[in-house]
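In: Starting from these lines, generate the structure:
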Amino acid sequence: MTNVPDASVSFDAFARGGFVNLGQVLDADEVARFAELFEADRHRYPYFWHPYGHHQRANYDALVTTQAFDDLIRHPRILPVVESLMGGPVCFGEIGLRLMPAYDGELHQQWHRDRAHRPGHPLRLGYVQLMVYLSDVDAHTHCFSLSPESVDEPIFDDAGAQLRHGGVHDLHGPAGTCLLCNAAVLHTATTRPTEVERRTVQIYYGHRDGAPLANDSTIPATLWRDHQDAATRAFYGVLNERTRLFAKSFGTESRRAS
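Out: Below you'll find the predicted structure:
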């Protein structure tokens, strides 16, 4: 049974741990659709897929190759929760399709924080990451792991200190499971010996008055400039340097829609 997230409950959980497990938000038809898009993208555009991190391949230009992933980025059961946590309208940051194949090596983790915490925000939240599982994940497969931290507790710069203080939460769940976390929370992909592939979509959101998250994902002009819907243009309108460079190269930046 799919889960409809409660924004108020999500806010309280996020405050306690820096993340909220939304449960199985995507229904079976949605999982099938996005999994099919994932596989089609991987096979039609292999030159967009590159080694990423430890034992992964990823496409961070998924909006260029398969723009239908906009339906997941702005999913009607997920985006309102993101906006509630952030405190207002948000913008697109990046999207990554990631494949973790079967693995027979040693368990591997590389703990890190993607960005700094945002001072003054009630959840210390500058950027939100959405983790979407398109395959079943359990204790015997690769998974996403993070170290919970409360807004009432100090921020530990040392990863070891944070792990000793907050411990580790492994995200397990069936395909369709979604989690939102502060990009500043200590986290890692946990790679373990398994015969099972893990497929995920990882999406970031930011504040519209903030800096672009990174230069990994190009935003198509069909979304930030040419789209007939003003709300869509606004959501995709915080352009990173990568997008600006492509726009400049094709002579399109000056024709941005207002």
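In: Return the distance of the residue nearest in space to the middle of the chain relative to G167.
Out: When the chain is reduced to its mean C-alpha position, the nearest residue by Cα atoms, centre = their mean turns out to be I203, at 2.5 Å. As for I203, its distance to G167 is 26 Å (criterion: Cβ to Cβ, to the nearest Å). No exception for glycine: its C-beta is placed from N, CA and C like everyone else's.
In: what does H227 give?
Out: With Cβ to Cβ as the criterion, H227 and G167 are 44 Å apart.
In: Comparing those two, which shows the higher neighbour count?
Out: Taking H227 and G167 together and counting by other Cβ atoms under 10 Å, H227 has the greater number of neighbours (19 against 10).
In: Wait, the more buried one touches R233, no?
Out: Yes: using Cβ atoms under 8 Å, H227 makes contact with R233 at a distance of 5.3 Å.
In: host element of A247?
Out: Here A247 sits within helix 241-249, counting by DSSP states H and E.
In: To clarify, my last question referred to V132.
Out: Using DSSP H and E, V132 falls in strand 127-133.
In: what packs against the following helix or strand past that strand?
Out: The helix or strand immediately downstream of strand 127-133 is strand 143-146, counting by DSSP H and E. Here strand 143-146 touches strand 169-171, strand 187-190, going by 3 or more Cβ pairs under 8 Å, 6 or more residues apart in numbering; DSSP states H and E.
In: Quick check: buried residues in strand 143-146?
Out: Going by neighbour count (16 or more other Cβ atoms under 10 Å), the buried part of strand 143-146 is C143, F144, S145, L146.
In: Same check on stretch 2-20?
Out: N3, P5, S10, F11, A13, F14, A15, G17, G18, F19, V20.
In: Tell me how many other residues crowd C178.
Out: 26.
In: list the helices and strands the helix or strand hosting it packs on?
Out: Using DSSP H and E, C178 sits within strand 177-182. Strand 177-182 is packed against helix 7-17, strand 19-24, helix 79-86, strand 127-133, with contacts defined by 3+ Cβ pairs under 8 Å, 6+ apart.
In: Among these, which comes closest to D61?
Out: Evaluated over these, closeness to D61 peaks at strand 127-133, with 17.4 Å, by Cβ to Cβ.
In: could I have that closest one exported to CSV, CA atoms only?
Out: Output in CSV follows, covering the C-alpha atoms of strand 127-133 (Å, rounded to 0.1, in the frame of the first residue of the first chain):
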residue,chain,number,x,y,z
TYR,A,127,19.5,21.7,0.2
VAL,A,128,17.2,18.6,0.4
GLN,A,129,18.1,15.2,-1.2
LEU,A,130,15.3,12.9,-2.3
MET,A,131,16.4,9.2,-2.4
VAL,A,132,14.0,7.0,-4.5
TYR,A,133,14.4,3.3,-4.6
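In: partner strands of that strand, parallel or antiparallel?
Out: Here strand 127-133 is paired, per DSSP bridges, with strand 177-182 (antiparallel), strand 198-207 (antiparallel).
In: re the thing from before, check the gap between the residue nearest to the centre of the chain and F250 for me.
Out: Taken as Cβ to Cβ, the span from I203 to F250 is 25 Å.
In: ok, now E149?
Out: 43 Å.
In: correct me, but A15 touches S150?
Out: Yes: taking Cβ under 8 Å as the definition, A15 is a contact partner of S150 at 6.8 Å.
In: Do I have it right that L125 meets R118?
Out: Yes: assessed by Cβ under 8 Å, L125 is found in contact with R118 at 5.7 Å.
In: and the nearest residue to the residue nearest to the centre of the chain once chain neighbours are set aside, what pLDDT?
Out: Once flanking residues are discounted, I203 sits nearest to L130: 4.3 Å by Cβ to Cβ, 6 or more residues apart in numbering. At L130, the predicted lDDT confidence score is 98.
In: ok, now which ones touch L130?
Out: I78, V82, C178, L179, L180, V201, Q202, I203, Y204, Y205 (Cβ atoms under 8 Å, 6 or more residues apart in numbering).
In: Just list whatever residues bridge to it.
Out: Applying DSSP bridges, one finds that L130 bridges with L180, I203.
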